[in-house]
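Student: Here is my input, please return the structure:
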Amino acid sequence: MKVAVYTIALNEAVHVERWAESAAEADYRIVADTGSTDDTIERLSNAGVTVHRIAVRPWRFDDARNAAMALIPPDVDVCCTMDMDMFLERGWRSKLESAWKAETTALYCRMVIRSSFDDPNPIRAYPSKSFHSRWGYRFRRPIHEALFFSGEEIPSNTDQIVMHHLRHNETNHEKYLRLMELALAEDPHDSQICFWLGREHMYKNQTEQSVELLERYLKLPTSKWTDERSEAMRYLARMVPEQRASWLDRARIEAPHRREIWLDLAEEFHSRADWLNLFWAASNGIENARRTGSYLDDPSCWGFRLHDLGAIASWHLNAMDRAVEWARKALELDQNNQRLKNNLNFFVGRREEMRLQK
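Tutor: This next block holds a predicted model:
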């Protein structure tokens, strides 16, 4: 098996050495530079990476990545697409050779999102189609580009190969917005682009456009992923406050396994002082929800807040054993929170008072 790691680059000097070292187990390391003005090219060459200068006009991510893929030698069996701000954990080559079967066309590895190299704590993790066969694949979409296979795709998955992505916030939202609008114009039935474009408008506080796109997304026949559909409903609940309860309930029906929805519902019931429904939402979110492993998982929803709200509801319902249990768990998850400490002490005292009154 011959393996090539490839990508595109533009002013990525700060990432070069780490990227090149992590890809060193490959037979080929190939970078298509799209016009760097720093010393990216020099650093890549010094690291033994094959660098090609390319120009893509007008700019599209799919055209750039397809150009890079075309530069991979024909004797390669497996390709790894890895951006410059990503890196593979050591030992990935042997794990790839074990996981890749004769019939495999693509392999999903574990993608771990981190805020920086110095901070090992993951923001989130999800499966990523980072390995694919040399022939039959092309990138599509001018942005949020994805790999598509010309025949019957036979994917596989492994958690043994881990790729880290050092996420940064330096995004040209205006440029990305134009490219997403182009992507949706090229394929009006692309539900994922419709979702992402609606989300981008929400980020820019362009509520009318966002609501229109997200409602359109929910009506598309290609909109079938329940986790993503429920996320669109959560966004609509935020932007259309008079329909908040309705959208959150629809999101719950769509994806009852997502804690994010139960926390949103819990906050809504807490704002209304609806203690019975708050207890119901907290119970379901704590006991029945799970992480999905997708990019939609919100780590903050797995913090103290749902237990905190559940404890408050339990107190109001005089379910003091449960109030104490959840208050303790909330404090475990945020040990320096003085309010949580005060709440726990109060609940313990209240439980003791109720026992003495019996």
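Student: How about the backbone phi and psi for the nearest residue to residue 44 once chain neighbours are set aside?
Tutor: Once flanking residues are discounted, residue 44 sits nearest to residue 51: 4.8 Å by Cβ to Cβ, 6 or more residues apart in numbering. (C-beta placed from N, C-alpha, C; glycine too.) The phi and psi values for residue 51, taken as degrees, to the nearest 10, are phi -120, psi 130.
Student: Residue 51 - how many residues pack around it?
Tutor: 19 (other Cβ atoms under 10 Å).
Student: give me every residue that touches it.
Tutor: Residue 51 is in contact with 31-33, 41, 44-45, counting by Cβ atoms under 8 Å, 6 or more residues apart in numbering.
Student: three-state assignment of residue 43?
Tutor: Using DSSP: H, G, I helix; E, B strand; the rest coil, the structure places residue 43 in helix.
Student: surely it meets residue 13?
Tutor: Yes. Shown here, residue 43 and residue 13 form a contact pair, counting by Cβ atoms under 8 Å, at 5.6 Å.
Student: higher neighbour count, those two?
Tutor: Ranked by neighbour count (other Cβ under 10 Å), residue 43 and residue 13 place residue 43 first, with 20 against 17.
Student: what sits against that one?
Tutor: Going by Cβ under 8 Å, 6+ apart, the list of residues near residue 43 reads 13, 16-17.
Student: could those be laid out in a markdown table, adding pLDDT?
Tutor: Output for these, formatted as a markdown table (pLDDT from 0 to 100):
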| residue | pLDDT |
| --- | --- |
| 13 | 97 |
| 16 | 98 |
| 17 | 98 |
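Student: So which of these sit within helices?
Tutor: Among the contacts of residue 43, the members falling in helices (DSSP state H) are 16-17.
Student: Ramachandran angles for residue 52?
Tutor: When read as degrees, to the nearest 10, the backbone of residue 52 gives phi -120, psi 140.
Student: oh, I was asking about residue 119
Tutor: Note on residue 119: its backbone torsions stand at phi -110, psi 100 [degrees, to the nearest 10].
Student: Could you do the one 5 residues further on as well?
Tutor: The phi/psi pair for residue 124 (degrees, to the nearest 10) reads phi -160, psi 170.
Student: how many other residues sit next to it?
Tutor: For residue 124, the neighbour count with other Cβ under 10 Å is 18.
Student: Quick check: the gap between it and residue 300.
Tutor: Taking Cβ to Cβ, to the nearest Å as the measure, residue 124 falls 11 Å from residue 300.
Student: And the host helix or strand of residue 201, how far out from the chain middle?
Tutor: Using DSSP states H and E, the element containing residue 201 is helix 191-203. The chain centroid and the centroid of helix 191-203 are separated by 14 Å, computed with Cα atoms, centre = their mean, to the nearest Å.
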